[in-house]
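In: show me how the following folds:
(one chain, ligands or ions: 1)
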Amino acid sequence: MSDLKKIKDEFISKLKSKLNLSEVNQIKSDLFGKNGLVSSEFKKIGTIADTERKKFASELNVIKDELQGLINLKINEIENEEIKEKLQKEKIDITLPERPFVRGKIHPVSQTIDEISSIFSEIGFSVEEGPDVESEYNNFTALNTPDNHPARDMHDTFYLDDKKEKLLRTHTSPVQIRTMLKDKPPFKIIAPGRTYRSDSDQTHAPMFHQVEGLHIDKEINMGHLKGCLNYFIKEFFELDKIKMRFRPSHFPFTEPSAEVDIGYEMKDGKIVIGEGDQWLEILGCGMVHPNVLRNVKVDPTKFQGYAFGMGIDRLAMLKYGINDLRAFFDCDYRWLNHFGFDPLDVPTNYRGLSR
Ligand code: DAH
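Out: Numbers count the residues shown, from 1 in each chain. Model prediction:
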């Protein structure tokens, strides 16, 4: 048997066995490397007698093509095999139980704001917003609070400049002014948001949340105010009946003004809202002062209405049994995990607020 035939037979049978990529590469270099068997045969061409040379060269080329073809096939085969194996290994077993993953929680204050917005939107209030940095004018003057009025001190205001023209709003009431300046009556809005006062203890934080309410139309009276707040409190605490009382009070921006208390009792060291003979103040309200309406170019002989403002954090504490306000703003993940809400449980009146 000629050398060529020997090489061919030997390597064809080698290439037919099970090989990995480096073994095939070894064969490739054994045959076609610098000193490879086939390469050496090519080198012989020059030494072969003229009569034999052509035949030899063409035979050699056929063998070379055949072996090269086989090697390429083999490499392809191996690569395909590898891909198949990889796919097999990386296959996802969808019958396996899901891996537990941590889902973020909605902060009780955000949840409470959503609940409040949902309740008021059911009776036709829309939601307005105003900036945290307010002008002194919107925060006090336009709301009928004269320069020497004690409310300015009572509010322990954070002023942002020496001239006391800019401040961190001390309440959400300036959103009343912004809303009435930008539109024409009637107005029926709530405005939840952040508010600031220089005050800090177990029940006060320098940053806290309020929601403002404003309803101005042609025939709005205190009966509407009472009905609206009674509806809100029942819906918010998810109770059919609730004890509520209006106590005369004073705010510069309302006349008459009142504070609203709700009944509660202590049971096993816990506050139970609704009944009982104890009273808890939850909000301030009244009929919008004619001076406020005049300041925003609304004619008080044609339009009047009510306004109210309440602390959101306190409502959240009462509803969800949280007793330290400061925990709201500590960003303690364990606390949030305990008191927070599922992000997919968006509160709505018809589906339920806190279920
Ligand atoms: N702005 C008042 C406060 O921060 C709350 C308030 C009272 C708002 C009476 C009102 C209102 O709109 O009519 O204490």
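In: dihedrals phi and psi, the residue nearest to Ala327 when sequence neighbours are not counted?
Out: Distances taken as Cβ to Cβ, 6 or more residues apart in numbering place Trp335 nearest to Ala327, at 5.5 Å, with adjacent residues excluded. Backbone N, C-alpha and C define where each C-beta goes, glycine included. In terms of degrees, to the nearest 10, the main-chain angles of Trp335 are phi -60, psi -50.
In: list the buried ones in the lowest-mean-pLDDT helix or strand in the chain?
Out: Least confident helix or strand, the chain: helix 150-154 with a mean of 71, by mean pLDDT, DSSP states H and E. Burial within helix 150-154, assessed by neighbour count using 16 or more other Cβ atoms under 10 Å, is assigned to 151-152.
In: again, but for stretch 211-231
Out: Going by neighbour count (16+ other Cβ under 10 Å), the buried part of stretch 211-231 is 211-216, 220, 225-226, 228-229.
In: ditto for stretch 157-168
Out: For stretch 157-168, the neighbour count (16+ other Cβ under 10 Å) marks 157-158, 167-168 as buried.
In: do the same with stretch 129-148
Out: Quick answer for stretch 129-148 (16+ other Cβ under 10 Å): 130, 134-136, 138-145.
In: stretch 92-106 too?
Out: Residues of stretch 92-106 classed as buried: 105-106 (neighbour count, 16+ other Cβ under 10 Å).
In: stretch 256-265 too?
Out: Per 16+ other Cβ under 10 Å, stretch 256-265 contains these buried residues: 257-264.
In: returning to that earlier point: and the least confident helix or strand of the chain, how far from the chain's centre?
Out: On the basis of Cα atoms, centre = their mean, to the nearest Å, helix 150-154 sits 37 Å off its chain's mean C-alpha point.
In: show me what that helix is packed against.
Out: Contacting helix 150-154 under the criterion 3 or more Cβ pairs under 8 Å, 6 or more residues apart in numbering; DSSP states H and E is no other helix or strand.
In: can you pull out the strands in the stretch 251-355 of the chain?
Out: Along the stretch 251-355 of the chain, counting by DSSP state E, counting those that start in this stretch, strands occupy 254-267, 270-273, 278-288, 304-311.
In: whoops, the stretch 101-250 of the chain was the one
Out: Using DSSP E, counting those that start in this stretch, strands in the stretch 101-250 of the chain cover 126-127, 133-135, 166-168, 187-196, 207-217, 244-251.
In: now those as JSON lines including mean pLDDT?
Out: JSON lines is the format used below for these (pLDDT from 0 to 100):
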{"stretch": "strand 126-127", "mean pLDDT": "97"}
{"stretch": "strand 133-135", "mean pLDDT": "97"}
{"stretch": "strand 166-168", "mean pLDDT": "95"}
{"stretch": "strand 187-196", "mean pLDDT": "97"}
{"stretch": "strand 207-217", "mean pLDDT": "97"}
{"stretch": "strand 244-251", "mean pLDDT": "96"}
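In: got the ones you listed as JSON lines, with distance to the ligand columns?
Out: Putting the strands of the stretch 101-250 of the chain into JSON lines (distance: least, Cβ to the nearest ligand atom, whole Å) gives the following:
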{"stretch": "strand 126-127", "distance to the ligand": "16"}
{"stretch": "strand 133-135", "distance to the ligand": "12"}
{"stretch": "strand 166-168", "distance to the ligand": "13"}
{"stretch": "strand 187-196", "distance to the ligand": "7"}
{"stretch": "strand 207-217", "distance to the ligand": "6"}
{"stretch": "strand 244-251", "distance to the ligand": "4"}
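In: in CSV: those, plus distance to Ile119.
Out: Listed next are these as CSV, based on distance: least, Cβ to Cβ, whole Å:
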stretch, distance to Ile119
strand 126-127, 12
strand 133-135, 26
strand 166-168, 27
strand 187-196, 9
strand 207-217, 10
strand 244-251, 15
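In: what does the chain have sitting close to the ligand?
Out: Within the chain, the positions adjacent to the ligand are 171, 173, 212, 251, 253-254, 284-286, 307-309 by Cβ under 6 Å from any ligand atom.
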